[in-house]
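Q: The amino acid sequence is not available; the structure is as follows:
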C-alpha cells in the first residue's frame with residue numbers, strides 16, 4: 001500500500017506525525033472533563049407556580065388544572081405530570097426525544113401567557129424551568145458551631161456562603177436550617193380599634209418609608225453626580241418611629257400601636273447534625289462544569305474556611321465526586337490491567353520481544369489519539385467512554401499483529417527490512433481494513449438509536465470507532481516503520497531470561513495446539529453430535545432469555561444509606577421532628 005511505503009521511506013515525517021498525536025492527546029487528556037455518566041439533556045420542562053397560604057385542593061383546582069389544559073396541546077408532548085402541594089403547583093411536561101427544547105419552551109411560555117388572566121391575582125407568575133442535571137447538588141455540607149441558630153445562620157450567609165460560591169465552577173450554594181432573622185411588628189388590636197387605624201394603613205406606611213429612590217443628577221463643575229435617597233430601615237428604632245397617620249394633629253407612630261421585635265422567620269423545618277442544630281449547605285455546579293474539579297475546589301476552600309474560623313466547623317456530608325472518581329478509577333485500572341495482560345499474551349504467542357514491543361505500541365498511541373478525538377467532539381471521561389476504551393483495548397492490536405506476522409514471514413524468507421515491511425503490509429492491508437470496518441459497522445446502529453439509551457451509549461460507539469480507526473492507521477503506518485528498523489531474524493540467546501520465558505510459552509502453545517487438533521478431528525468425526533449440541537445450546541439460551549432481568553443501568557452502591565419517612569397529611573412539624581429523633585436514636589444504636 002502507498003501509505004505504508006510512504007511512511008517507511010519517510011520515517012522522520014511519520015515520527016513527527018505521531019509526536020503531534022501524542023502531544024494533542026496528552027493535552028486533551030488533562031483537559032477532558034470527568035463525570036460519572038455522559039451529559040444527558042432530558043426533554044422535560046417544569047412550570048412552577050407559588051400561591052402562599054392556599055391548600056393543595058385549591059391549588060389543584062385554581063392553578064394546576066388550568067395549566068394542564070393549556071399545555072395539553074403543545075406539539076411533541078409525551079406525558080404531563082403534576083404535583084399540587086400547600087402553596088405551590090408543579091407541572092412537568094415530558095417531550096419525545098429529539099424535541100428542540102428551545103422551541104418547546106417558547107411554545108409553553110406562550111400558552112402560559114394566554115391563561116395568565118385566568119389564574120388567581122395573588123398567585124405568583126408561573127416560572128418555567130428546563131430540566132438540567134446540573135440542578136442537582138454535587139455536594140452537601142454541614143456547618144456546626146457554638147452559636148445560637150439565628151447567629152449561626154447569619155454567620156454562614158455573611159462569611160461562608162460567598163466564599164464557597166466564588167470557587168471555580170460553583171453556580172450556587174443554598175442554605176437550609178438555622179433561624180433566619182426577621183423583624184416582627186406585632187400589632188395591638190385594641191389600640192388599632194381605639195385609634196380607628198386599619199391594618200392596611202400600617203402596611204402602607206412601612207412600605208412607603210422603607211424605600212430607596214433615585215434623586216436625579218447634580219452637576220458640579222466637570223463632574224456629574226448621581227443622587228439617591230437612603231430610606232431603607234437600618235435599625236429597629238427607625239421602624240418604631242415610623243409615622244402611620246395623624247390624629248388631631250398628633251402623629252401616631254408604630255411604637256404606639258405595635259411591638260417591634262428582632263426575631264426570626266417561622267420555623268418550617270429542622271436541620272440537625274449529629275443530634276445538634278446546624279446548617280446544611282448544598283453546592284450546585286455550573287452547567288457543563290467538571291464535577292470532580294468543582295468538588296476539589298470546594299474542598300480546598302473548606303480547608304481555608306476551617307483554618308480562618310475557629311468557632312465553626314464545615315464538614316462534607318455527601319460528595320458525589322468521590323463516587324465518580326472511584327468509578328472512573330476502577331474502569332481505568334481495568335483498562336490498564338487489560339493492556340498489560342494483552343502485552344503478556346502477545347509476548348507468549350509471538351515469542352519475540354521486539355515484535356511484542358512493536359505491536360504493543362499500538363495500544364497507548366491509539367488510546368492517546370482517541371483522547372484527542374474525544375476532546376474535539378466534546379465528550380467527557382466517564383464510565384461509558386472509559387468502558388469503550390477498555391472494550392477496545394484487546395482489538396487495538398489485532399491489525400498490528402497481522403501486519404507484523406506477515407512482515408516477519410517475509411524477513412524469514414530472505415527479504416531485507418524495507419522490502420519485507422512494504423510487501424508484508426501491502427498483502428494484508430485490504431484484509432485488516434475490512435476486519436476493522438466490520439467491527440466499526442457493528443456499532444454504527446447505536447449512533448442512530450433514539451431515546452435515553454441512544455444518548456447514553458452513543459459515546460461508547462464513537463469511542464470504540466475512534467480507537468479502532470486509530471489502531472488501523474497505526475498498523476498501516478507506524479508498525480511497518482518500526483518493523484523496517486527493529487525486526488531482526490537471528491538465533492536467540494538461549495541463556496537469557498526472555499528466551500526461557502518464550503521457550504516455556506512455546507512448549508505450552510505446542511501442547512495447546514496438539515489438543516486443539518485432536519478436538520478438531522473429533523468434531524469432524526462426530527458432525528451430527530456437534531451440530532445437535534450447537535442447536536440444543538441455542539434453544540436453551542432462548543428459553544433462558546425471559547429469565548434475565550432488563551434495566552437501563554445496573555444498581556450501584558454509593559456507600560450511603562438514606563431514610564425517608566412519611567406521616568399522615570396534616571401532621572405538625574413537632575410530630576415529624578419527634579419521629580426523626582426516634583429514627584436518629586435507632587441509627588446511632590446500630591452504627
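A: Arrived safely. Since the model is a prediction, treat every value here as computed from it, not as a measurement.

Q: if I look at residue 330, how far off is residue 324?
A: Separation of residue 330 from residue 324 (CB to CB, to the nearest Å): 11 Å. C-betas here are computed from N, CA, C, even on glycine.

Q: Compare the two (neighbour count), which wins?
A: residue 324 (22 against 12; other CB atoms under 10 Å).

Q: phi, psi of the more buried one?
A: Recorded main-chain torsions at residue 324 are phi -60, psi -50, according to degrees, to the nearest 10.

Q: which ones are touching the closest residue to residue 375 other than its chain neighbours?
A: Leaving aside its sequence neighbours, residue 375 sits nearest to residue 28 (CB to CB, 6 or more residues apart in numbering; 3.5 Å). Residues in contact with residue 28 (CB atoms under 8 Å, 6 or more residues apart in numbering) are 371, 372, 374, 375, 376.

Q: redo that, cut-off 7 Å
A: By CB atoms under 7 Å, 6 or more residues apart in numbering, the contact set of residue 28 is 371, 372, 374, 375.

Q: Quick one: classify it as helix, strand or coil.
A: Three-state call for residue 28 (DSSP: H, G, I helix; E, B strand; the rest coil): helix.

Q: Residue 466 versus that one, what's the distance?
A: Taking CB to CB, one finds residue 28 at 12 Å from residue 466.

Q: ok, the contacts of residue 28 vs residue 516, which is closest?
A: residue 371 (38.7 Å; CB to CB).

Q: Going by neighbour count, list what's buried in the helix or strand containing residue 529.
A: Element membership for residue 529 (DSSP states H and E) is helix 527-544. When burial is assessed from 16 or more other CB atoms under 10 Å, helix 527-544 yields no buried residues.

Q: Heading C-terminal from that helix, find the next helix or strand.
A: Heading C-terminal from helix 527-544 (DSSP H and E), you reach helix 573-590.

Q: Run through who's touching that next one.
A: Under CB under 7 Å, 6+ apart, the answer for helix 573-590 is 267, 268, 270, 275, 563, 565, 567.

Q: Need the three-state assignment for the first one.
A: The one in question is residue 267. Criterion first, three-state DSSP; result for residue 267: coil.

Q: what about it, how many residues close to it?
A: Neighbours of residue 267 (other CB under 10 Å): 12.

Q: residues touching it, list them.
A: With CB under 7 Å, 6+ apart, residue 267 has these contacts: residue 573.

Q: before we move on, back to that, reformat the contacts of helix 573-590 as JSON lines; add distance to residue 168.
A: Output for those, formatted as JSON lines (distance: CB to CB, whole Å):
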{"residue": "267", "distance to residue 168": "35"}
{"residue": "268", "distance to residue 168": "33"}
{"residue": "270", "distance to residue 168": "33"}
{"residue": "275", "distance to residue 168": "35"}
{"residue": "563", "distance to residue 168": "34"}
{"residue": "565", "distance to residue 168": "38"}
{"residue": "567", "distance to residue 168": "42"}
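
Q: from those residues, which two are the most distant?
A: Maximum distance among the contacts of helix 573-590 (CB to CB): 21.9 Å, for 267 and 563.

Q: For residue 225, give me phi and psi.
A: The phi/psi pair for residue 225 (degrees, to the nearest 10) is phi -110, psi 130.

Q: The contacts of residue 28 into JSON lines, with extra columns for secondary structure?
A: Converted to JSON lines, these look like this (three-state DSSP):
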{"residue": "371", "secondary structure": "helix"}
{"residue": "372", "secondary structure": "helix"}
{"residue": "374", "secondary structure": "helix"}
{"residue": "375", "secondary structure": "helix"}
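
Q: Which one of these is nearest to residue 472?
A: residue 372 (16.0 Å).

Q: hang on, that closest one packs against residue 24?
A: Yes. If you go by CB atoms under 7 Å, residue 372 and residue 24 touch, sitting 4.4 Å apart.

Q: Between those two, which is the more surrounded one?
A: Neighbour totals were compared for residue 372 and residue 24, and residue 372 leads with 22 against 17 (other CB under 10 Å).

Q: Count the neighbours of residue 368 for me.
A: The number of residues near residue 368, taken as other CB under 10 Å, comes to 19.
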